[in-house]
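K.L.:
Got a predicted structure plus its sequence, pasted below:
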Amino acid sequence: MKILLIDVNCKSGSTGKIVYDLYTDLTEQGENVAICYGRGSKINDNNIYKFGLDIETKIHAGLARVTGFNGCFSPISTKRVIDYIEEFKPDLIHIHELHAYFVNIKPLIEYIKENKIPVVWTFHCEYMYTGKCGYAYDCEKWKIGCESCPAVTDYPKSMLFDWTKAMYRTKKQLLRDLDFTIVTPSQWLADRVKLSFLGNRDIRVIHNGIDTDSVFYPRITEEIKVLKNKYHLENKKIVLAVAPNIMEERKGGKQVLQIACQMPELQFVLVGADEDKRYSDNVLMIKRTKDQDELARWYSMADLFLICSKKENFPTTCLEALSCGTPIVGIDEGGTKETAPYPYGKFVGGGYNRIIAEGDFNTVKHRICA
């Protein structure tokens, strides 16, 4: 079978790693697999094609901010991916993420419909059934029709105009007659999709996977010792938090820092910052790394993995930490809790906004100490 995977990234980022792992596994099974992706470094592997043009991605992002529309530009990049589909002639297309300013969604989906190509679509967020949001949080307008968006200045960002009503209607009409199966990595997201205009579709839960054979496994003492010596972390209890752009609001880096202030006896390490720096006596910030072996050493070195994201679907960072032998503590939002059932993970309920607004970290603190 000829299978084409489409995503924003390849080999990097959470979805990009998932897509590349699928490509590798399916290829080893004897399938003819290709990847088309829009952003990131060029990869020179067989049947992997970066169709997105970086300059066009920047223009797309700028137009989205000015006009209020997103996923509606990048004509050259869109033609490039359609041309690749024409040439590769897949029996099945597996779509992942289409936001992030690298493709015009409507002509791509219309081409797929016209050519009657079966589609499996893995939803890694809520973007395809909302007016624009990747995560709707407490807003429930998407259930009946988005408009007057309370998050219009959040990613994907508009500086002036709110076209969420029009974009919601476009998505609803575009997907109405598309032959596709929806896959969600978490039951939480599956339940959300069932409440949307896609609720009558074939929706299946397939959890994300990671490479536990050659990458994410408990590392030996000597490997960990080298890393500890490099950053002067000897004889310390380490709480680790990992996320791309960890200091963004949704990723919870600021909340990790608040917890660290209350627990000076522990060493906190945040991987995914803008630069390597000592933030305070008990907080070390580490730049985002593409070196998966280095990341596995960080996981293996930690005594606890902490996730304070405002919302996640089924975060692979939790899977990676567990596979390296490190238990999880976090805030029970989205599908995070599904990654680490008790006793491997402990999650604080009661709502992210309440915990953050009231500064109530006592439960988090107790569970870290436990």
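P.N.:
On my side now, so go ahead.

K.L.:
and the longest helix along the chain, how far from the chain's centre?
P.N.:
Counting by DSSP state H, the longest helix found in the chain is helix 13-28. Relative to the mean C-alpha coordinate of its chain, helix 13-28 is positioned 14 Å out (Cα atoms, centre = their mean, to the nearest Å).

K.L.:
what does stretch 165-185 give?
P.N.:
The chain centroid and the centroid of stretch 165-185 are separated by 20 Å under Cα atoms, centre = their mean.

K.L.:
next one: stretch 180-193
P.N.:
With Cα atoms, centre = their mean, you get 14 Å for stretch 180-193.

K.L.:
Stretch 67-83 too?
P.N.:
Centre-to-centre, stretch 67-83 and its host chain are 21 Å apart (Cα atoms, centre = their mean).

K.L.:
go on, stretch 107-125?
P.N.:
Here the centre of stretch 107-125 is set off from its chain's centre by 20 Å, with Cα atoms, centre = their mean.

K.L.:
re the thing from before, please identify the buried residues of the longest helix of the chain?
P.N.:
Buried positions in helix 13-28, judged by neighbour count with 16 or more other Cβ atoms under 10 Å: 13-23, 26-27. The way it works is simple: take the backbone N, C-alpha and C, and place the C-beta from them, glycine included.

K.L.:
so where's the stretch 201-350 of the chain uncertain?
P.N.:
For the stretch 201-350 of the chain, the stretches flagged by pLDDT under 70 are 350.

K.L.:
What are the boundaries of the strands in it?
P.N.:
With DSSP state E, counting those that start in this stretch as the criterion, the stretch 201-350 of the chain has strands at 203-205, 238-242, 267-273, 277-280, 283-287, 304-307, 328-331, 345-348.

K.L.:
Any chance of TSV for those, columns mean neighbour count?
P.N.:
Shown next, in TSV, are those (neighbours: other Cβ atoms under 10 Å):
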stretch	mean neighbour count
strand 203-205	15
strand 238-242	25
strand 267-273	23
strand 277-280	12
strand 283-287	18
strand 304-307	25
strand 328-331	24
strand 345-348	21
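
K.L.:
Arrange the ones you listed in CSV, one row each, with distance to Thr170 as further columns.
P.N.:
Formatted as CSV, the strands of the stretch 201-350 of the chain follow (distance: least, Cβ to Cβ, whole Å):
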stretch, distance to Thr170
strand 203-205, 21
strand 238-242, 36
strand 267-273, 33
strand 277-280, 43
strand 283-287, 38
strand 304-307, 34
strand 328-331, 34
strand 345-348, 36
